[in-house]
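Participant: Model the following, please.
(2 chains)
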2 protein chains.
Amino acid sequence: MTTKPLFNKTAIIGLGLIGASLATAMLDKKLTHEIVACDDNADTLKTAQEIGLISHGSSMLTDVLQGCDLVVICVPVQAVLPIFRTLAHAKKSGLLADDCIVSDVCSTKMNVITACNTAQDETGIDLNFAPAHPIAGAERSGVLSRKADLFVNHALIICPNQADDIYTNKIIDLWQNIGAVVSLMTPQKHDEILSLTSHLPHLLSYALTYQLAKDDENLNIFRYAAGGFRDFSRISASSPIMWHDIFLANKQAVLQGLDDYQAILNQLKSDIENDNSQKLLETFEIAKNAREYFGRLLIEKEQLKSDK
Amino acid sequence: MTTKPLFNKTAIIGLGLIGASLATAMLDKKLTHEIVACDDNADTLKTAQEIGLISHGSSMLTDVLQGCDLVVICVPVQAVLPIFRTLAHAKKSGLLADDCIVSDVCSTKMNVITACNTAQDETGIDLNFAPAHPIAGAERSGVLSRKADLFVNHALIICPNQADDIYTNKIIDLWQNIGAVVSLMTPQKHDEILSLTSHLPHLLSYALTYQLAKDDENLNIFRYAAGGFRDFSRISASSPIMWHDIFLANKQAVLQGLDDYQAILNQLKSDIENDNSQKLLETFEIAKNAREYFGRLLIEKEQLKSDK
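Facilitator: The predicted structure is shown next:
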């Protein structure tokens, strides 16, 4: 842990919920002197400048890189390759400092690391890339939805590109100062776990909301939905482009998780068809106990947060 | 609407979350002079008596029926047949008054009406049954989880046994006084709609939580789950016996809904496998728009509640 700023000038690429929340937390904790941003949306940059979140913004990445010692990529996961290419070329030309660290917050890690390696191989440049993923989010998006404590006591997964390099250590230091609980794992393991805890629930929620909505007459059906459906379906309001990217980027693990899920659904279906009461009750008991265990983890997390 | 008590003595059969919340709302709104209860759990009855919710309780249904002009069945949906039989025999013997109304709060309607008809046919007694279902609930259960305003601005579905009979009208009056929004529909339509808005989400949530929990090592996986999974899986903590009963009682509609859901999942799977970006984005957009529409309905409901 450190109390002086870890970074001088940080560039956030993509000022959505996660990018803007990270910027806010870094400023609150004095972890960077200055933040600049690149975003496609001019209004977002204008707003971010007006509220004092960034000192400078541009839709051109090369406009903001001068003098940065940290660049964090916060865009949909299929959009990373051109960014890595631009960063590599900026380093090659001297626009981006040699010792600048590149990190990210992407929900998939294998495809992001592959994209970085591609850009590095093409240019012969080392981007000092430390891949990271904060396990936090919300179905709302945009700079005005940012939350200063979004990451506090939330898991943060780092997938070190090289073991124990100084860049990875500095990113660990950054997130620990923000209040996240850092774990290290391989990108394979990360993508496998997240396919189950995050990607699959989003897919299943989208599917049910689509089922209820697919003809107009059915919108009336929502009048007869209560709290269970409300919570189950909340994540169906998430950004389509962001989740489209995640499902395609983590295709293999998502499809494997979906196969296993469909096998369980088929078993439940057969248990219902055949009045297999004992099997149904056992399955629901296991799920209930697991959910209550998860609920206790969440309560601990909240208590830790309020103790801080 | 009426201001004087609609009922003199109300028996609640099953003092769970719904039964106890109904009892509380009826007392708050002075819709009954007195409430008695039948429940298997002696502690529940003791607690309910100590907190002044009921004047008398017993695990024997026949112990509480004397003098009742309303009986509301609030038990898991597969447990209703012996209750209807006891009520019919109590009417036949004169223990239960001829003009006593029987109603329920069950999540399925076809099987409950069939059970009532069976008991009526066996005894030649008319139970004055007005089937009802308040669309409200929570994953927590028990008398101490009751909420006085659980039903305010929530949908309440009545499936009239006979059209426009005085018993049905009195039950409509009861729920409108409690603050529910009453709709009439056939039991077939009710079971079909609820299979999609309530039963299916519970089954899908149980299935995913089970998938994550099915071997012990996996419990660690919950450390890497965030708000999306939290909300999606909340209903997995619901009562296994209650939901076991619902899936079996509404088997046909649940299996039909599950078939349709599996077809959508298979389509999404194929769209992911084949990088069908346009189709994925369209599906997610439709779901997002529908969820946002549902979100606006919920906000209206909350505003109505706070205006009251």
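
Participant: Write out the residues of the stretch 51-200 of chain A neighbouring chain B.
Facilitator: A:135-139, A:154-155, A:157, A:183, A:193-194, A:196-198, A:200 (CB under 8 Å from any CB of the partner chain). Glycine gets a C-beta too; all of them are placed from N, C-alpha and C.

Participant: Tell me which of those residues has the lowest pLDDT.
Facilitator: In this model, the minimum pLDDT among those belongs to residue A:139 (64).

Participant: Flag the shaky bits of chain A, pLDDT-wise.
Facilitator: Within chain A, the segments meeting pLDDT under 70 span A:1-3, A:138-139, A:163-164, A:215-218, A:304-308.

Participant: and it, what are its domains?
Facilitator: By the assignment in the TED database, chain A contains the domains A:7-185, A:190-274.

Participant: Any chance of TSV for the ones you listed, columns mean neighbour count?
Facilitator: Below are the domains of chain A laid out as TSV (neighbours: other CB atoms under 10 Å in any protein chain shown):
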stretch	mean neighbour count
domain A:7-185	20
domain A:190-274	20
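
Participant: now residue A:72, what's its secondary structure?
Facilitator: strand (DSSP: H, G, I helix; E, B strand; the rest coil).

Participant: thinking again about what came up before, is it possible to get CSV of the domains of chain A that adds distance to residue B:271?
Facilitator: What follows is the domains of chain A, written out as CSV (distance: least, CB to CB, whole Å):
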stretch, distance to residue B:271
domain A:7-185, 15
domain A:190-274, 9
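
Participant: And stretch A:188-205, end to end?
Facilitator: Terminal residues of stretch A:188-205 lie 25 Å apart, using CA to CA, to the nearest Å.

Participant: list the contacts for the residue nearest in space to the middle of chain A?
Facilitator: With distances taken as CA atoms, centre = their mean, residue A:107 lies nearest the centre of chain A, 4.1 Å away. By CB atoms under 8 Å, 6 or more residues apart in numbering or on different chains, the contact set of residue A:107 is A:77, A:133, A:194, A:198, A:199, A:246, A:250.

Participant: Just list whatever residues bridge to the second one.
Facilitator: Going back to what we said before, that points to residue A:133. Residue A:133 has these beta-bridge partners by DSSP bridges: residue A:157.

Participant: if I pick it, what's in contact with it?
Facilitator: The contact partners of residue A:133, taken as CB under 8 Å, 6+ apart, are A:104, A:105, A:106, A:107, A:109, A:156, A:157, A:159, A:190, A:194.

Participant: Same check on the last one?
Facilitator: Contacts were defined as CB under 8 Å, 6+ apart; by that measure residue A:250 touches A:107, A:108, A:110, A:111, A:191, A:194, A:195, A:199.

Participant: from what I can see residue A:33 touches residue A:26, true?
Facilitator: No: Residue A:33 is beyond contact range of residue A:26, at 10.0 Å (criterion: CB atoms under 8 Å).

Participant: okay, and the common contacts of the two?
Facilitator: residue A:7.

Participant: Which single residue in the stretch 51-200 of chain A comes nearest to chain B?
Facilitator: Closest to chain B within the stretch 51-200 of chain A is residue A:197: 4.0 Å, counting by CB to the nearest CB.

Participant: For the stretch 1-150 of chain A, which segments are assigned as helices?
Facilitator: Along the stretch 1-150 of chain A, counting by DSSP state H, counting those that start in this stretch, helices occupy A:17-28, A:42-50, A:80-92, A:110-123.

Participant: would you put the C-alpha positions of the shortest one in PDB?
Facilitator: It stands for helix A:42-50. Provided in PDB are the C-alpha atoms of helix A:42-50 (Å, rounded to 0.1, in the frame of the first residue of the first chain):
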ATOM      1  CA  ALA A  42     -18.400  13.700 -27.400                       C
ATOM      2  CA  ASP A  43     -21.100  14.400 -24.800                       C
ATOM      3  CA  THR A  44     -19.600  11.900 -22.500                       C
ATOM      4  CA  LEU A  45     -16.200  13.700 -22.700                       C
ATOM      5  CA  LYS A  46     -17.800  17.100 -22.200                       C
ATOM      6  CA  THR A  47     -19.800  15.900 -19.200                       C
ATOM      7  CA  ALA A  48     -16.600  14.200 -17.700                       C
ATOM      8  CA  GLN A  49     -14.700  17.500 -18.100                       C
ATOM      9  CA  GLU A  50     -17.500  19.600 -16.700                       C
END
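
Participant: Quick check: which helices or strands does that helix pack against?
Facilitator: Packed against helix A:42-50 by the contact rule (3 or more CB pairs under 8 Å, 6 or more residues apart in numbering or on different chains; DSSP states H and E) you find strand A:56-58.

Participant: same question, the longest one
Facilitator: Judged by 3+ CB pairs under 8 Å, 6+ apart, helix A:110-123 is in contact with helix A:80-92, strand A:129-130, helix A:187-194, helix A:240-249.

Participant: Now do that helix against helix A:80-92: the angle between them, please.
Facilitator: 40 degrees (axes from the mean of the first three to the mean of the last three CA atoms, to 10 degrees).

Participant: ok, so what distance separates residue A:18 from residue A:29?
Facilitator: Separation of residue A:18 from residue A:29 (CB to CB, to the nearest Å): 16 Å.

Participant: just residue A:267 next, same as before
Facilitator: 48 Å.

Participant: Over to residue A:120?
Facilitator: Applying CB to CB, the value for residue A:120 to residue A:29 is 31 Å.

Participant: again with residue A:201
Facilitator: As for residue A:201, its distance to residue A:29 is 31 Å (criterion: CB to CB).

Participant: cool, and residue A:108?
Facilitator: With the distance defined as CB to CB, residue A:108 ends up 27 Å from residue A:29.

Participant: ditto for residue A:182
Facilitator: Counting by CB to CB, the gap from residue A:182 to residue A:29 is 15 Å.

Participant: Torsion angles phi and psi at residue A:180?
Facilitator: Backbone torsions of residue A:180, given as degrees, to the nearest 10, read phi -80, psi 160.

Participant: now swap in the one 4 residues further on and tell me
Facilitator: As for residue A:184, its main-chain torsions (degrees, to the nearest 10) stand at phi -110, psi 140.

Participant: Surely it and residue A:156 touch.
Facilitator: No: Residue A:184 is beyond contact range of residue A:156, at 10.0 Å (criterion: CB under 8 Å).

Participant: related to what we said a few turns ago, greatest separation within the residues of the stretch 51-200 of chain A next to chain B: which pair is it?
Facilitator: For those, the maximum inter-member distance is 24.5 Å, found between A:139 and A:183 (CB to CB).

Participant: Please enumerate residues in contact with stretch A:78-96?
Facilitator: By CB under 8 Å, 6+ apart, stretch A:78-96 touches A:13, A:61-62, A:65-66, A:68, A:71, A:73, A:75, A:97-98, A:100, A:102, A:104, A:106, A:111-112, A:115-116, A:118-120, A:122-125, A:127, A:244-245, A:248-249.

Participant: same thing but at 6 Å, please
Facilitator: A:61-62, A:65, A:73, A:112, A:115-116, A:119, A:123, A:125, A:127, A:245, A:249 (CB atoms under 6 Å, 6 or more residues apart in numbering or on different chains).

Participant: And stretch A:281-292, by the same measure?
Facilitator: Residues outside stretch A:281-292 that contact it (CB under 6 Å, 6+ apart): B:206, B:209, B:210, B:213, B:233, B:236, B:237, B:240, B:244.
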